[in-house]
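Student: Build me a structure from this.
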Amino acid sequence: MTNSIKVAPFKVYGIQSTGPSIFNQEENARAEFSSKIWHEFIDRVIAAGISLDQDMYGISWPADENMPPQVVTYFCGFKSDFDVDGFESLHVDGGNYFEYRYEGYVVDIEKGFEDAYMNAFPSSGLKGRTGQHIEIYGDEYDPNAPISIFKILIPIE
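Tutor: As a prediction, this is how the structure comes out:
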């Protein structure tokens, strides 16, 4: 059984930075990078008076020529049909994706990404493609709970 879905294009508003990928060998590098950008993003959302009661997205794509990439460009954002002052915009191309649902302890989130990319996706039999990788932090995600639930979408042909 495969977990493939089709994602329609959409636009997100948020902030962007470049840093270590899940494949980066430096211990805790990705966790520290993603924690920092998410905290900055959430602080800016709160300061702008925007509701946190909506899906939040992490969008990433390779920022180097390595395979797998050691560095990615990472965008934290939320959907909006209108321009949002003080935030960058990003067009998400959409397309076909392998969907991985993570449910586990907050302290083990990095293990979830490792399982998605190094176990679940390779064993799915699906073929990856170049494209934006998507994380969706929806209704099931509670940043204050000890258990995290979110989706990781990996672009496929």
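Student: what about the strands in this structure?
Tutor: 4-7, 10-20, 56-62, 71-79, 88-92, 95-105, 133-137, 147-155 (DSSP state E).
Student: of all those, which lies closest to D43?
Tutor: strand 10-20 (10.1 Å; Cβ to Cβ). (Each C-beta comes from the backbone N, C-alpha and C, glycine too.)
Student: how many degrees apart are the closest one and strand 56-62 in direction?
Tutor: 60 degrees (axes from the mean of the first three to the mean of the last three Cα atoms, to 10 degrees).
Student: buried sites along strand 10-20?
Tutor: F10, V12, Y13, G14, I15, Q16, S17, G19, P20 (16 or more other Cβ atoms under 10 Å).
Student: From V45, how far off is the third one?
Tutor: Distance from Y13 to V45, counting by Cβ to Cβ, to the nearest Å: 10 Å.
Student: what touches both of the two?
Tutor: F78 (Cβ atoms under 8 Å, 6 or more residues apart in numbering).
Student: Would you convert the strands of the chain into TSV that also reports distance to P122?
Tutor: What follows is these, written out as TSV (distance: least, Cβ to Cβ, whole Å):
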stretch	distance to P122
strand 4-7	15
strand 10-20	21
strand 56-62	18
strand 71-79	19
strand 88-92	24
strand 95-105	10
strand 133-137	15
strand 147-155	10
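Student: and stretch 81-89, how far apart are its ends?
Tutor: 11 Å (Cα to Cα, to the nearest Å).
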